[in-house]
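Chemist: Here is my input; please provide its structure:
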Amino acid sequence: MKKIILPVFIIFIISIFIVSFFNLFPRYIHHRNKKLAMTMVEKIESYRLKYNKLPINETEIGYPATMEGPIHYNKYDDVNYIVSYPIGFGESISFSSKTKKWSDK
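Modeler: The predicted model follows:
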């Protein structure tokens, strides 16, 4: 009987770990990406105040030219832009400079 209890207990502990990981990891990624996106918005707004225009791309606010990360900056015209990051397959959260709000796409 004791030989059966130990493997069942180990499988139970491993199952709890796996379920916890898959439940908490997406939340961590979402939180990290939102912080990165908020930092980018702050840098864009600082750039706008300093130069009275929007940056053309991420390199003008200090991000590397090869940045293909989760945060995306799109300049639409001289005053409007969107910063977005993915939250799942085909879904993203975006910040609009026009509304100054975060919204789901």
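Chemist: May I ask which helix or strand encompasses the closest residue to Phe95 other than its chain neighbours?
Modeler: Once flanking residues are discounted, Phe95 sits nearest to Val83: 4.6 Å by Cβ to Cβ, 6 or more residues apart in numbering. No exception for glycine: its C-beta is placed from N, CA and C like everyone else's. If you go by DSSP states H and E, Val83 is part of strand 81-88.
Chemist: Now do the helix or strand harbouring Ile44, average pLDDT.
Modeler: Here Ile44, judged by DSSP H and E, is contained in helix 2-51. Averaging pLDDT along helix 2-51 yields 83.
Chemist: State the distance from the residue positioned nearest the centre of the chain to Phe17.
Modeler: Residue closest to the mean C-alpha point of the chain, counted by Cα atoms, centre = their mean, is Asn33 at 2.1 Å. Distance, Asn33 to Phe17, by Cβ to Cβ, to the nearest Å: 24 Å.
Chemist: Over to Phe95?
Modeler: Using Cβ to Cβ, one gets 35 Å for the distance from Phe95 to Phe17.
Chemist: Counting neighbours around each, name which of the two comes out higher.
Modeler: For the pair Phe95 and Phe17, the greater number of neighbours falls to Phe95 (21 against 10), based on other Cβ atoms under 10 Å.
Chemist: part of a strand, is that one?
Modeler: Yes: membership of Phe95 in a strand is supported by DSSP: H, G, I helix; E, B strand; the rest coil.
Chemist: rewinding a little: count of neighbours near the residue nearest to Phe95?
Modeler: Neighbour count of Val83, defined by other Cβ under 10 Å: 23.
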